[in-house]
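Asker: Okay, sequence plus prediction incoming.
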Protein chains: 2
Amino acid sequence: MTTKVRKRDYELDAFVAALGDVPVETDPKIIHRKSRDFFWFSPVLKRQLQDRLADIVVAPRDEADVMHAASAAARHRVPVTIRGGGTGNYGQCVPVQGGVVLDVSALNAIEWQKGALLRVGAGRKMHLIDAETRKQGYELRMHPSTKRMASIGGFAAGGSAGAGSVTYGGMRELGNITGARVISLEENPRTFELKGDAALKICHGWGTTGIITALEMPLAPAFDWIDFIVSFDDFMTAVRFGYELTLADGVVKKLVTPIAWPVPTYFPSMEQYFPKGRAAVVAMIAEHSIEPFVSLAAAQNGVITYRRPTDESMGARPLYELTWNHTTLHALNVDRDITYLQALYPAFGFMEKVEEIQSLFSPEELLQHFEFTRYAGQPTAYGLALIKYTTDERLNEIMDIHQRHGVFIADPHIWMLEDSAGYKSAGADLMGFKREVDPLGICNPGKMRTYVPLR
Amino acid sequence: MTTKVRKRDYELDAFVAALGDVPVETDPKIIHRKSRDFFWFSPVLKRQLQDRLADIVVAPRDEADVMHAASAAARHRVPVTIRGGGTGNYGQCVPVQGGVVLDVSALNAIEWQKGALLRVGAGRKMHLIDAETRKQGYELRMHPSTKRMASIGGFAAGGSAGAGSVTYGGMRELGNITGARVISLEENPRTFELKGDAALKICHGWGTTGIITALEMPLAPAFDWIDFIVSFDDFMTAVRFGYELTLADGVVKKLVTPIAWPVPTYFPSMEQYFPKGRAAVVAMIAEHSIEPFVSLAAAQNGVITYRRPTDESMGARPLYELTWNHTTLHALNVDRDITYLQALYPAFGFMEKVEEIQSLFSPEELLQHFEFTRYAGQPTAYGLALIKYTTDERLNEIMDIHQRHGVFIADPHIWMLEDSAGYKSAGADLMGFKREVDPLGICNPGKMRTYVPLR
């Protein structure tokens, strides 16, 4: 079953002429590449989205270019899909109605840093933010496993959590974003400076609520992080250790990821660090917290097989690139039939629920890894299990079983904002703000089925 | 009912002679002052402990003096009660069998600081630690409300939590103390360098397990803290706000204290900031988190009545000195019939439990304030309610009612370690270690009723 979406009619040549000197790309290879994100992690989305292409890529050099492009798009009623690194998983960056892909990568300046507060262009890649802010002793509070590819604007608009969430919760927790600058898609584009709570209006809106050009956010102290792999006899012991580590408020950490065998077989270059048949926990620990971390691992008979400073330089492998949704990426490199879940476990009775869910599936079908996090202030974990895909029906059944057992599913096999868990929680705000910034319904159109353009 | 404790027999003159040039104090006023802590917060302890005095105060200048004094005490079988600032609440510093009070205040050097790791003499006052470590951007993870009087050794040995615990949990959480140097009370005193988990052996031992001379601990990033008072319509709204703030992992805070009316009537100098009849929350917020804090307060119709940087300079009043057990101190200055509770509320169903307990007592008898904290990794709060004391029987009944309703009580009206909640959790370790460092049973003797000296 594919979802039908009509392409919009508009005059491409007239639109391009109206762009003036704003740079465009017409090379079909580039258009193809920039019309995609990681939606193909889902066999369902792959089928539905793989043929959707932009007509042209527009690459503004600065905010003046963005205003110019937004005005031209409004005048010519051209669909505009905004992208940065394009590392989303739900087709957020796929131009389902064709039109323009607006690549904001050049809006990448650090506008200012005042101690722990930062204002940065939406297009800046996250590892290049840290590279700069660490000079003053600060870094991003959290980042996805795609930190070295993804831009901060896309993470705010389409991501939700990652390394660092075990301390700060998700991106949408109050206080993790403090400001956003947004440009409307109108003949005379307006700029909006959202502050405080209001800035959350752009969170998880998948770029349907105007063009984010800059973000303000608080930073975390930049510690020296040490990457660890600890090997355990069995998966439940690894989860227990991960949970205890998460609860240990005296141990400063950024990443806690228990991984069941045979998931490590999808990391061929790391084979020596994952003893065959055993579970593991991948973790990032502040250097000054190593001692209690090591003692906690020893208490569960954990064997440390890898220990070295997190290294994000070219050619190096920071361990967070084995976790969160990078796990799925590595698995798909080996086995094309793999997909994944996004399951949020309850904070109360966490360990019992893990045991319960593990008992319901064969380890050949559901290959578990947990990403510990705080959620609404409570310590818990996302289960980002890899699934050996057979049919859409079975995939839906697996998700249903989770829900029936009290595990919350954020379905990663949908591309309508209304079907996403994130949207439900911020619905009214998002919709009201969309009316302001996208009266014509040309901003990433086709992703919000309940939105009716004003004009 | 008072507990009988015999005074030890020993030759004071011979002991003093054996001390050589180690400084001693024999002024009765000083002996009286240094034989006391804040045990008189409890009418029960006041009755039992107010007449217990040391025979002499010994004030070592350095660790060599400590070794010398420990040896002399062992040879002459002199009871030794160790003290620093003497701000404990359970008579930890009261020499119940007489003998020596050993004042380790002069062991106050910062031995080294390596980034977020510190090694410091046990006698150093906590505000004088921060004064130094803040130069490198770090500060203590937590401190009691007596920060400006209390020494770090006493907080580790006899305290448990304070400002900062809302982020890092209690002092005894794994990772909050990473090392301790301890000297035994023997004719030939030995030094013990406890590392990692082992360092927890001295936690909450009330100075019964040897003489702590230095501690190693990780520090927190030193943010610019802002003191706030927010006024609310009613106490449950204040508690709800405090809980939401505690759960808001994106908001960096150090102190969250909801206070019921009429508790603020005990802060006469602060009258203008606590509108009559209304509840309040006292908080310390990192400057870069003010915006989300203010918006969260507004959502509960909170009115900000006080906002200025935390000021610990002489003559200034940092707001943490209205919270934790300082609340009791202020109340006792006005009303001698006040005492207090230490009640740990359950993390799961927290708000419901608060409501339930509030309904069981008259607001004239139980005057509530909560101190939000993490405990074993979960966000919750201590209820440090002020109690209008009538009889021991009623006081015990009030504590029993809490326990029967699932609220854990750490009884602050006892002075036997075995009766304290902290001891139960670390009992075996503490007892085993005491055998090592105090074979003669002269280290703060009379506080551990189950301990039988080896010789």
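Answerer: Looks like it came in fine.
Asker: Test my guess that A:A73 contacts A:I442.
Answerer: Yes. Under the criterion of Cβ atoms under 8 Å, A:A73 makes contact with A:I442 at 6.0 Å. Backbone N, C-alpha and C define where each C-beta goes, glycine included.
Asker: In contact with the nearest residue to A:K388 once chain neighbours are set aside, which residues?
Answerer: Spatial nearest neighbour of A:K388, chain neighbours left out: A:E365 (5.0 Å); criterion: Cβ to Cβ, 6 or more residues apart in numbering or on different chains. With contact set as Cβ atoms under 8 Å, 6 or more residues apart in numbering or on different chains, A:E365 has these partners: A:I387, A:K388, A:I398.
Asker: And A:A73 and A:I442? Which one has more around it.
Answerer: More crowded of A:A73 and A:I442, by other Cβ atoms under 10 Å in any protein chain shown: A:A73, with 28 against 24.
Asker: how about the nearest residue to that one, chain neighbours excluded?
Answerer: Distance criterion Cβ to Cβ, 6+ apart; nearest residue to A:A73, sequence neighbours excluded, is A:V80 at 4.9 Å.
Asker: wait, isn't the one you found in contact with A:C443?
Answerer: Yes. Contact between A:V80 and A:C443 holds when scored by Cβ under 8 Å: they sit 5.8 Å apart.
Asker: Which single residue of the stretch 351-455 of chain A approaches chain B most closely?
Answerer: Among all residues of the stretch 351-455 of chain A, A:G377 sits closest to chain B, at 2.5 Å; criterion: Cβ to the nearest Cβ.
Asker: count of neighbours near the closest residue to that residue other than its chain neighbours?
Answerer: In space, and not counting its chain neighbours, A:G377 is closest to B:L247: 2.5 Å by Cβ to Cβ, 6+ apart. Using other Cβ under 10 Å, B:L247 is surrounded by 19 other residues.
Asker: residue contacts, B:L247?
Answerer: Shown in contact with B:L247 (Cβ under 8 Å, 6+ apart): A:A376, A:G377, A:Q378, B:P379.
Asker: Quick one: residues contacting A:H32.
Answerer: With Cβ under 8 Å, 6+ apart, A:H32 has these contacts: A:L53.
Asker: Let me know the distance separating it from A:G121.
Answerer: Taking Cβ to Cβ, to the nearest Å as the measure, A:H32 and A:G121 are separated by 26 Å.
Asker: now swap in A:T391 and tell me
Answerer: Taking Cβ to Cβ, one finds A:T391 at 43 Å from A:G121.
Asker: So between the two, which is more surrounded?
Answerer: Ranked by neighbour count (other Cβ under 10 Å), A:T391 and A:G121 place A:G121 first, with 25 against 9.
Asker: who's that one bridged to?
Answerer: With DSSP bridges as the criterion, A:G121 is bridged to A:A214.
Asker: A:L344 now?
Answerer: Legend: beta-bridge partners of A:L344 under DSSP bridges are A:Y382, A:F408.
Asker: Tally up the residues packed near it, please.
Answerer: Residues near A:L344, counting by other Cβ under 10 Å, number 18.
Asker: Wait, it touches A:G406, no?
Answerer: No. A:L344 lies out of contact with A:G406 (Cβ under 8 Å); the separation is 10.5 Å.
Asker: Tell me the spacing between the most centrally placed residue in chain A and chain B.
Answerer: Taking Cα atoms, centre = their mean, the centroid of chain A lies closest to A:G159, which sits 3.1 Å from it. Counting by Cβ to the nearest Cβ, to the nearest Å, the gap from A:G159 to chain B is 15 Å.
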